[in-house]
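# Task: produce atomic coordinates for the following.
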Amino acid sequence: MMRFRNWRGTARRAGGWLLAGLAMVLGGAASAADAAWPKGISLENYLNWEGSLVIESDIAETRLVVVPGIGGRIMRYEVMGKNILWDNPVAHGLTVAVSKRVLQAGGHQAYIVSETTALPSLERLEYGPHGVAGTKDFTLTLASETNAETGLRLEKEIILDPESGEVGLNHRLKNTSARDLSCALRSRTQCLGGGYVLLPLAKVSRFRLGWNLAHQIEGKLLFDSLNPSSTAVKILNNVLVAETGGPPAKIGADSDAEWVAYAHDRHLFIQYFPHDFRLQYPDGGNTVEVSWNENYTELEICGAESVLAPGATLAAPSKWTMIELKERVTSAKQARALVSKIPPSPFKAPRK
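Below you'll find the model as predicted:
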C-alpha cells in the first residue's frame with residue numbers, strides 16, 4: 001500500500017517531477033486521444049467533456065475523473081459507488097473556449113491568489129485547457145499553459161493508491177519569469193450539499209472563539225472573529241460542526257490539525273493538508289475556509305503566501321480519503337462522534 005508520509009519533503013524538492021512530456025504541453029503537441037495509457041488510467045467522454053481522464057482501481061472500488069479541458073479539474077471522486085463531488089449541470093460539456101466566460105463547473109481545483117500583489121487575470125491557468133505532462137500506473141500529471149504576463153504555470157500530480165483508494169494530490173505553481181512574484185495557492189473542493197463539516201479548532205487560536213464568520217461589507221468580504229454566530233454552527237468538544245445546505249454562509253478557522261472532514265449521507269470525506277505555524281495564512285490566519293449554499297458545500301484549503309524567486313516552485317500537497325459509514329449522519333452530535341474514526345494526518349507539522 002502506498003503511503004503519503006513524504007509529501008512535505010516532496011513539496012520542498014519541487015521541480016524535479018515534471019517529466020519530459022511537458023515539452024508536448026508547452027509546445028502544443030499530441031492530444032490526449034493519441035496517448036497510450038498506463039495501468040489504471042483510461043479515456044472517456046464524461047458529462048460531455050471529451051478527453052476526460054479516469055484513474056480507477058477495481059480493488060479499492062475507487063474512481064477519479066479529471067477533465068483537462070476545464071483546468072484539469074477533478075470532477076468525480078467515487079468510492080464504493082458514492083461520488084462526493086458536486087457538478088453543475090449547466091456547465092456540462094462546456095469549456096472557456098466555448099462559453100467565452102469563466103465556468104462554475106464544480107469539482108476540485110487550485111487557484112492562484114495574492115494579498116500583497118495585484119495579479120492579472122489567470123483564468124486560463126485555472127479554467128483553461130491543461131495538457132498531459134506525464135503518466136504512470138494510477139498516476140497522472142497535468143500542466144497549464146504559461147501566463148505570458150506573469151510567467152506563472154499551474155501543474156498538478158494526482159496519485160490513486162490502488163489498494164486503499166486514497167488520493168495524493170500535489171498542486172504546484174511554477175515561476176518561469178525573471179522576477180520575484182508573491183502569491184499563494186488555494187484549493188477548493190465543491191461537495192454535494194447538505195452534509196456536516198467537521199473542523200477541529202486550534203487549542204491556541206488567534207481568534208477569540210477559534211473561528212470566524214464572513215460578512216459582505218461595502219462589496220468586501222470581511223471575517224468577524226470577535227463575535228461569530230451562526231445557527232448552522234456548533235462547537236462540540238473543540239470541534240466546529242457546521243450543518244450545511246441552508247442559507248449561504250462562509251466560515252474560517254486557524255486550525256492546525258491538518259485535516260477537514262465532511263460527512264454526507266453514509267460517507268465521511270477527509271482532506272489532509274500540511275500546516276506550518278511559522279507561515280502567514282490569509283484572512284487573518286485562516287488555514288481552512290468553508291462555504292455553502294443550497295446546492296453545494298465548498299472546502300477551501302488556504303495556502304500561505306510566499307515570494308517565488310525566478311525558477312522556483314510553490315507546492316501545495318494534500319491527501320484525500322473517504323470512509324463508508326454504517327448509517328446516515330443526520331445530526332451535529334452524530335457527526336462529531338465520527339472524529340474518532342479519522343486517521344491522523346500523514347503530514348508532520350513543525351514543532352513550536
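# Quickly find the element holding the residue most central in space within the chain.
Centroid-nearest residue in the chain, with Cα atoms, centre = their mean: residue 187, separated by 3.5 Å. Element membership for residue 187 (DSSP states H and E) is strand 181-192.
# could you point out which element follows that strand?
Sequence-wise, the next helix or strand downstream of strand 181-192 (DSSP H and E) is strand 196-200.
# So what angle separates the directions of that following strand and strand 181-192?
If you take axes from the mean of the first three to the mean of the last three Cα atoms, to 10 degrees, strand 196-200 sits at 140 degrees to strand 181-192.
# who does strand 196-200 pair up with?
Strand 196-200 has the following strand partners under DSSP bridges: strand 239-243 (antiparallel), strand 259-264 (antiparallel).
# Switch the ones you listed over to TSV; also include mean neighbour count and mean pLDDT.
(C-beta placed from N, C-alpha, C; glycine too.) Conversion of the strands paired with strand 196-200 to TSV gives the following (neighbours: other Cβ atoms under 10 Å; pLDDT from 0 to 100):
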stretch	mean neighbour count	mean pLDDT
strand 239-243	22	99
strand 259-264	25	99
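# Dump these into CSV; add distance to residue 218 as well.
Formatted as CSV, those follow (distance: least, Cβ to Cβ, whole Å):
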stretch, distance to residue 218
strand 239-243, 26
strand 259-264, 30
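# what's the closest of these to residue 71?
strand 259-264 (22.1 Å; Cβ to Cβ).
# Paired strands for the next helix or strand after that closest one, with orientation please.
Next along the chain after strand 259-264, taking DSSP H and E as the criterion, comes strand 267-272. Using DSSP bridges, the strands paired with strand 267-272 are strand 259-264 (antiparallel), strand 313-324 (antiparallel).
# Quick one: residues in contact with the helix or strand that comes right after strand 267-272.
As assigned by DSSP H and E, the chain's next helix or strand after strand 267-272 is strand 288-292. Outside of strand 288-292, the residues within contact range by Cβ atoms under 8 Å, 6 or more residues apart in numbering are 193, 197, 199, 214, 242, 244-246, 248-253, 255, 260, 283, 297-302.
# for strand 288-292, the distance to its chain's centre please.
Averaging C-alpha positions (Cα atoms, centre = their mean, to the nearest Å) puts strand 288-292 12 Å from its chain's average.
# go on, stretch 144-157?
With Cα atoms, centre = their mean, you get 18 Å for stretch 144-157.
# Stretch 142-159 too?
For stretch 142-159, the distance to the chain centre is 16 Å (Cα atoms, centre = their mean).
# wait, what's in contact with residue 102?
Contacts of residue 102 (Cβ under 8 Å, 6+ apart): 96, 123, 127.
# try residue 144
71, 72, 124, 125, 126, 128, 129, 130, 131, 153, 154, 155.
# Take those residues and keep only those in strands.
If you go by DSSP state E, these have 131, 153, 154, 155 in strands.
# which one of those has the most neighbours?
residue 154 (27 neighbours; other Cβ atoms under 10 Å).
# What pLDDT is listed against it?
In this prediction, residue 154 carries a pLDDT score of 98.
# Might you list the low-confidence residue ranges for the stretch 1-150 of the chain?
1-35, 98-101 (pLDDT under 70).
# can you give me the helices in the chain?
In the chain, the helices defined using DSSP state H lie at 7-12, 22-27, 96-99, 123-127, 332-336.
# who are the neighbours in contact with residue 325?
263, 266, 267, 268, 338.
# ok, the last one touching residue 329?
In this case it means residue 338. Yes - Residue 338 is in contact with residue 329 according to Cβ atoms under 8 Å; the separation is 7.2 Å.
# Return every residue with contacts to both of those two.
263, 268.
# if we can go back for a sec, want to throw the contacts of residue 144 into TSV with distance to residue 237?
Listed next are the contacts of residue 144 as TSV, based on distance: Cβ to Cβ, whole Å:
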residue	distance to residue 237
71	38
72	38
124	45
125	41
126	37
128	44
129	46
130	42
131	47
153	43
154	39
155	39
